[in-house]
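Enquirer: Dropping the sequence and predicted coords here.
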Amino acid sequence: MSNGFSYTIKRVIFDEDYTPSDATRVTTNFANLARGEQREENLRSALRMIDRRFNALAPWDNSRGDRYSLELEIISVDIDVEGNGHGFPSIEILKTNIIDHKTSKRIEGIVGNNFSSYVRDYDFSVLLREYNAGQKQFSIPDDFGELHGKLFKDFLKSDTYKENFSKLPVVCLSVSDTKTYHRTENQHPVLGVEYTPNETSLTEQYFRKMGFDVRYFMPPDSVAPLAFYFIGDLLTDYTNLELISTISTMETFQKIYRPEIYNANSAAGYEYQPDLTHSDHSLTQVVYDRDERSQLAIKQGRFAEENFIKPYQKILEKWSADFT
């Protein structure tokens, strides 16, 4: 328990037999893959892509390129506001675990990676939309993202988090197609070449309220930078294998969901602006419905409004005002 709220964690293995639970946001990356007639082949292909990418990034003492495989756990977090045993699905993240077949060891990876939240859906697809309805110029409320950020920080401070995870989370997202990124001279052996954006974004501001900083790196043999959100020091707090587990997992998802950017046939140059209409790209063999995903975000935001924001509004407002 932390500041009066309690958290419960549920773990589900993400493999070719994975079936999303009723509480899972259907727009979540891994849940979208596990739907439809080709669900098993989708999952099998994605997992195979992840393992191949991991081994390519970890070639030392790995001449056959098959030393490692990844086990992925979906971590679902329920928040109990009133302490009566009724939980609301607050966030869902991924945990990587590395299997070293040479030593027969199971190595803990990174928690975070993918990030899903019903409250974030509410903020972006309901609150922000209604706030700007009828306005000529887009703007954001002063307290936008405050509650979500404090809830996330509260979870990180909780005994539940500390008992289950040894390090702070790293979340890996795609770059924004509204910004320009400039290549720097800074280079990391695993993360690759660092890029810097020309301006901040709403996503960066939102994650900053959750306690995250962000840096952009294009890993070796990648074609576009990834956004790495972290707390602390990304380059020294995590081992190379931990970082590779995040890169191989999230780059694979982005190749499936954003092929125009991450499966482009040419790599980003010194000045790079992502383009979701870019035609010179290759498609993976994994089926994905991007249009459906965007439409469902509004429904999920309404779900959070009706089942969390409105029922607990007074409690959440007081708690947020008192949060330190």
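Expert: All right, it came through fine.
Enquirer: Residue 160: what's it in contact with?
Expert: For residue 160, the contacting residues are 2, 6-9, 77, by CB atoms under 8 Å, 6 or more residues apart in numbering. Quick note: C-beta positions are derived from backbone N, CA and C, even for glycine.
Enquirer: In helices only, show me the residues you listed.
Expert: Using DSSP state H, no member of the contacts of residue 160 sits in helices.
Enquirer: quick one: which of the residues you listed is nearest residue 317?
Expert: residue 2 (18.0 Å; CB to CB).
Enquirer: State the phi and psi torsions of the residue nearest the centre of the chain.
Expert: Central residue of the chain (CA atoms, centre = their mean): residue 114, 2.3 Å from the mean position. For residue 114, the backbone dihedrals (degrees, to the nearest 10) come out as phi -80, psi 150.
Enquirer: number of nearby residues for the closest residue to it other than its chain neighbours?
Expert: Leaving aside its sequence neighbours, residue 114 sits nearest to residue 94 (CB to CB, 6 or more residues apart in numbering; 4.6 Å). Close neighbours of residue 94, defined as other CB atoms under 10 Å, add up to 28.
Enquirer: any idea which helix or strand carries residue 94?
Expert: Assigned by DSSP states H and E, residue 94 belongs to strand 88-100.
Enquirer: Equivalent analysis for residue 162, please.
Expert: Judged by DSSP H and E, residue 162 forms part of helix 159-164.
Enquirer: next one: residue 53
Expert: Assignment of secondary structure by DSSP H and E places residue 53 within helix 39-57.
Enquirer: orientation of that helix relative to strand 88-100 in degrees?
Expert: Computed by axes from the mean of the first three to the mean of the last three CA atoms, to 10 degrees, the angle separating helix 39-57 from strand 88-100 equals 50 degrees.
Enquirer: other SSEs contacting helix 39-57?
Expert: Helix 39-57 sits against helix 29-33, strand 68-80, helix 240-257, with contacts defined as 3 or more CB pairs under 8 Å, 6 or more residues apart in numbering; DSSP states H and E.
Enquirer: same question for stretch 194-214, mean pLDDT?
Expert: In this model, stretch 194-214 has a mean pLDDT of 95.
Enquirer: So what touches that stretch?
Expert: Residues external to stretch 194-214 that are found in contact with it (CB under 8 Å, 6+ apart): 120, 123, 140, 144-146, 148-150, 152-153, 156, 171, 173, 175-176, 178-184, 186-188, 215-218, 225, 227-231, 234, 268, 272.
Enquirer: Stretch 138-154 too?
Expert: With CB under 8 Å, 6+ apart as the test, stretch 138-154 has contacts from 2-3, 5, 79, 90-91, 117, 119-120, 123, 127-128, 131-132, 202, 205-206, 208-211, 316, 319-320, 323.
Enquirer: Weed out the non-buried ones from those.
Expert: Applying a neighbour-count criterion of 16 or more other CB atoms under 10 Å, the buried members of the contacts of stretch 138-154 are 2, 5, 79, 90-91, 117, 119-120, 123, 127-128, 206, 209-211, 316, 319-320.
Enquirer: follow-up on the earlier one: using neighbour counts, pick out the buried residues of the helix holding residue 53.
Expert: Buried residues in helix 39-57 (16+ other CB under 10 Å): 39, 42-43, 45-47, 49-51, 53-55, 57.
Enquirer: what does stretch 125-138 give?
Expert: Neighbour counts using 16+ other CB under 10 Å place 125-128 of stretch 125-138 among the buried residues.
Enquirer: before we move on, what SS does residue 151 have?
Expert: helix (DSSP: H, G, I helix; E, B strand; the rest coil).
Enquirer: Residue 200 versus that one, what's the distance?
Expert: Taken as CB to CB, to the nearest Å, the spacing of residue 151 relative to residue 200 amounts to 22 Å.
Enquirer: Same question for residue 263.
Expert: Following CB to CB, the distance that separates residue 263 from residue 200 is 27 Å.
Enquirer: next one: residue 250
Expert: Residue 250 is 21 Å from residue 200, by CB to CB.
Enquirer: My guess is residue 267 contacts residue 223. True?
Expert: Yes. Using CB atoms under 8 Å, residue 267 and residue 223 qualify as a contacting pair, with a distance of 4.4 Å.
Enquirer: So which of these two has more stuff around it?
Expert: More crowded of residue 267 and residue 223, by other CB under 10 Å: residue 223, with 18 against 12.
Enquirer: confidence score at residue 291?
Expert: Residue 291 carries a pLDDT score of 55 in this model.
Enquirer: And for residue 6?
Expert: Here, the pLDDT recorded for residue 6 equals 95.
Enquirer: which residues does it form a beta bridge with?
Expert: Judged by DSSP bridges, the bridge partners of residue 6 are residue 80.
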